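Engineer: Only the shape, not the letters, is given here:
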């Protein structure tokens, strides 16, 4: 599954066990009817949106849908939707809740914004995917703790060493870099490989 990733980035080969564990968590979550909540700050918030975009619609595959459930619709809507829509995976990018996050930051505690969203949206079938280049972002760590309170599985993505996140998450993907921009550069091919693997699992 990760042969192409390791061919282009041989230094990531050391992450193979954790990548396998991450895939098992993500696949298990989706198979049991759960959803994936993703959060991060700054560039990692953009990564959360990027990951969601790859999973909510076709990434490398077309993902055609079964036309039968659309049969009750009138033409031309039946044709348009049954052929135009694509299969998707249930992913929620928490940074996209700008209004709720800003309201909570104003009314309560800005460090608990993602924790609040996780607590409100998550349940025991779900998984929280937290992204922090340092592994020490307070609002991401609080979100992980809130996820655990809700009985959710937790996946972390961070840099070398893992920071505090490593001890908190069920699985932590620690890329071999410390500088923020280098960590982010590694995160992109890692999550693209994960997205490709999930797509192949559910749509190929």
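Structural biologist: Structure received. Just so you know, these numbers come straight off a predicted model, no measurement behind them.
Engineer: Give me the buried positions along the lengthiest helix in the chain.
Structural biologist: The longest helix of the chain (DSSP state H) is helix 180-203. Of the residues in helix 180-203, 183-184, 186-187, 189-199, 202-203 count as buried by neighbour count, 16 or more other C-beta atoms under 10 Å. Backbone N, C-alpha and C define where each C-beta goes, glycine included.
Engineer: go on, stretch 73-82?
Structural biologist: The neighbour-count check on stretch 73-82 (16+ other C-beta under 10 Å) flags residue 82 as buried.
Engineer: Now do the end-to-end distance for that stretch.
Structural biologist: For stretch 73-82, the first-to-last residue distance is 10 Å (C-alpha to C-alpha, to the nearest Å).
Engineer: chain center to the longest helix of the chain, what's the gap?
Structural biologist: Relative to its parent chain, helix 180-203 has a centroid offset of 10 Å by C-alpha atoms, centre = their mean, to the nearest Å.
Engineer: One more: stretch 149-164?
Structural biologist: That offset, for stretch 149-164, works out to 12 Å (C-alpha atoms, centre = their mean).
Engineer: could you give me the average pLDDT of that stretch?
Structural biologist: The pLDDT scores in stretch 149-164 average 98.
Engineer: circling back: what does the average pLDDT come to for the longest helix of the chain?
Structural biologist: Mean predicted lDDT for helix 180-203 stands at 98.
Engineer: Show me what that helix is packed up against.
Structural biologist: In terms of contacts (3 or more C-beta pairs under 8 Å, 6 or more residues apart in numbering; DSSP states H and E), helix 180-203 is packed against helix 3-8, helix 16-31, helix 43-56, strand 153-158.
Engineer: tell me the most buried of those?
Structural biologist: strand 153-158 (a mean of 26; mean count of other C-beta atoms under 10 Å).
Engineer: what sits up against that strand?
Structural biologist: By C-beta atoms under 8 Å, 6 or more residues apart in numbering, the residues outside strand 153-158 that reach it are 22, 25-26, 28-29, 126-135, 144, 147-148, 162, 165-166, 168-175, 183, 187, 190-191.
Engineer: Stretch 93-109 now?
Structural biologist: With C-beta under 8 Å, 6+ apart as the test, stretch 93-109 has contacts from 37-40, 45-46, 48-49, 51-52, 110, 112-114, 116-118, 143.
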